[in-house]
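K.L.:
One predicted model, sequence on top.
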Amino acid sequence: MARDNLRLGREAASAHAVASGRLPSSICRECFYIVFEDEIHQTIVENNLFKPGDRVAIGASGGKDSTVLAYVLSELNHRHKYCLDLFLLSVDEGITGYRDDSLETVKRNEIQYGLPLKIISYKDLYGWTMDDIVKAIGLKNNCTFCGVFRRQALDRGAALLKVDKIVTGHNADDIAETVLLNILRGDIARLSRCTFITTGEDGPIPRCKPFKYTYEKEILDYFSTECIYSPNAYRGFAREFIKDLERMRPRAILDIINQVRILGSPQQQGCQSKEHKLCKACVLLDGLNRGLPKLGVGRTNGVAGGDSDCEQQAKRPERSRSSLQGKHGNIDF
Ligand SMILES: Nc1ncnc2c1ncn2[C@@H]1O[C@H](COP(=O)(O)OP(=O)(O)OP(=O)(O)O)[C@@H](O)[C@H]1O
């Protein structure tokens, strides 16, 4: 089937799903699965996401997107002989009643899909759980800590697994939301890179998003798991707006992504602690440990941008020590 037909099929399915909440009668469930999996395969092939022998960590949150990603990727790996070594990598942020539940899903996926699972926790890495952080900072800015720490935790978990790539379940709706957020925030550097299917190629472990062109509606096997600490996250407004646009014109989501043209090469800033520039995770952790949890929330001058690890990161031996060591809604990878 030609790619255009696949896309037409998807859009008909998506439009109908939006209107009725069900698959259209013109496409049966079996065909929808085939179309869906073929689309992901084509995205992987056309964008050269992997090469044979790659070790790949699937960022597994236990949510619908990463669960579907783990399943589809392990299926395609067998079917099309990608020759990948796949792993599930989960970050336990320490959110009682949310992440502990979703980690149970990941543990089931480990058995169902036969993929080795590595769980890495904020408590072990930073000495703080998100429950502790929310007690210290309140609900308003906690997503900043969660997003920055999670990004770094995924990198550190991936380094322990010695993988070549991290894949995440970010879908087209997520990316369109991020585009709008970056426009609203006037963040040109992030705007120019947030639609890349692969990021961090100049860093130690690149990340890619095989669901870049996949609408959230298409990701069938889903769970209802909003993070309990992010009900007011700014991203929620962009999400609602995108849902309104989608109701009027399903393709609006992909159009938003495609509108972004590179506005100059983004500066990939890493943590340059030798030059006294610290990564965002280190600045946030320092603030927590010094009893100044709001330090580093918002834009920070002299901060290396949170895109990479800081050499000084290490587990904090005691909370009172004043030394430098070491979004939810969604993380902008
Ligand atoms: N705690 C986590 N551990 C590992 N990977 C994560 C974690 N949280 C998010 N990710 C990765 O980032 C992607 C996008 O994050 P997002 O916050 O949208 O996830 P989610 O809504 O919790 O779950 P999902 O996207 O899987 O439905 C996820 O699909 C997953 O690949």
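P.N.:
Nice, I can see it. Numbering: from 1, shown residues only.

K.L.:
And for the one residue in the stretch 151-300 of the chain that gets nearest to the ligand, nearest residue in space, chain neighbours not counted?
P.N.:
With C-beta to the nearest ligand atom, the shortest gap between the stretch 151-300 of the chain and the ligand falls at Gly169, namely 2.5 Å. Bear in mind the C-beta positions are built from the backbone N, C-alpha and C, glycine included. Leaving aside its chain neighbours, Gly169 sits nearest to Asp65 (3.0 Å; criterion: C-beta to C-beta, 6 or more residues apart in numbering).

K.L.:
just checking, the residue of the stretch 151-300 of the chain closest to the ligand touches Gly62?
P.N.:
No - here Gly169 does not reach Gly62: they are 10.5 Å apart, not a contact under C-beta atoms under 8 Å.

K.L.:
helix/strand/coil for the residue of the stretch 151-300 of the chain closest to the ligand?
P.N.:
Using DSSP: H, G, I helix; E, B strand; the rest coil, the secondary structure recorded for Gly169 is coil.

K.L.:
any idea how far it lies from Arg251?
P.N.:
Gly169 is 21 Å from Arg251, where distance means C-beta to C-beta, to the nearest Å.

K.L.:
one step back: shared neighbours of Gly169 and Gly62, which are they?
P.N.:
Shared contacts of Gly169 and Gly62 (C-beta atoms under 8 Å, 6 or more residues apart in numbering): none.

K.L.:
remind me which residues of this structure are low pLDDT?
P.N.:
Along the chain, segments meeting pLDDT under 70 span 1-27, 220-236, 261-276, 298-333.

K.L.:
Only the buried residues of the longest helix anywhere in it, if you could.
P.N.:
Ordering each helix of the chain by length in residues (DSSP state H) puts helix 142-161 first. Buried residues in helix 142-161, counted by 16 or more other C-beta atoms under 10 Å: 142-158, 161.

K.L.:
and Pro210, what is it in contact with?
P.N.:
Ile40, Thr43, Ile44, Leu49, Leu69, Val72, Leu73, Val167, Ile197.

K.L.:
Count the residues that sit near Arg286.
P.N.:
I think there's a mix-up here, since residue 286 is Asp and not Arg. Neighbour count for Asp286, taken as other C-beta atoms under 10 Å: 20.

K.L.:
State the helix or strand in which it lies.
P.N.:
Asp286 is part of helix 280-289, with elements assigned from DSSP states H and E.

K.L.:
okay, that helix in PDB with CA atoms only?
P.N.:
What follows is helix 280-289, C-alpha atoms only, in PDB (Å, rounded to 0.1, in the frame of the first residue of the first chain):
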ATOM      1  CA  LYS A 280      19.900  22.800  35.100                       C
ATOM      2  CA  ALA A 281      19.700  19.500  37.100                       C
ATOM      3  CA  CYS A 282      22.700  20.600  39.300                       C
ATOM      4  CA  VAL A 283      21.300  24.100  39.900                       C
ATOM      5  CA  LEU A 284      17.900  22.700  40.900                       C
ATOM      6  CA  LEU A 285      19.500  20.100  43.200                       C
ATOM      7  CA  ASP A 286      21.700  22.700  44.800                       C
ATOM      8  CA  GLY A 287      18.700  24.800  45.500                       C
ATOM      9  CA  LEU A 288      16.800  21.900  47.100                       C
ATOM     10  CA  ASN A 289      19.800  21.000  49.300                       C
END
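
K.L.:
Contact residues of the protein facing the ligand?
P.N.:
Contacts of the chain with the ligand, taken as C-beta under 6 Å from any ligand atom, map to 59-61, 63-66, 89-91, 150, 168-170, 174, 328, 330-331.

K.L.:
what about the strands in the stretch 51-200 of the chain?
P.N.:
Ranges of strands in the stretch 51-200 of the chain, per DSSP state E, counting those that start in this stretch, are 55-59, 85-92, 117-121, 165-167, 198-199.

K.L.:
Show me what the helix or strand just after the shortest one is in contact with.
P.N.:
It refers to strand 198-199. Sequence order places strand 207-208 as the next helix or strand after strand 198-199, per DSSP H and E. Strand 207-208 is contacted by residues Asn47, Leu49, Lys165, Ile166, Val167, Thr168, Ile197, Thr198, Thr199, Gly200, Phe333 when judged by C-beta under 8 Å, 6+ apart.

K.L.:
make it 10 Å
P.N.:
43-44, 47-50, 56-57, 59, 151, 154-155, 158, 165-168, 170, 196-201, 333 (C-beta atoms under 10 Å, 6 or more residues apart in numbering).

K.L.:
Would you mind listing which of those residues are buried?
P.N.:
Neighbour-count burial (16+ other C-beta under 10 Å) is assigned, among these, to 43-44, 47, 49-50, 56-57, 59, 151, 154-155, 158, 165-168, 170, 196-197, 199-200, 333.
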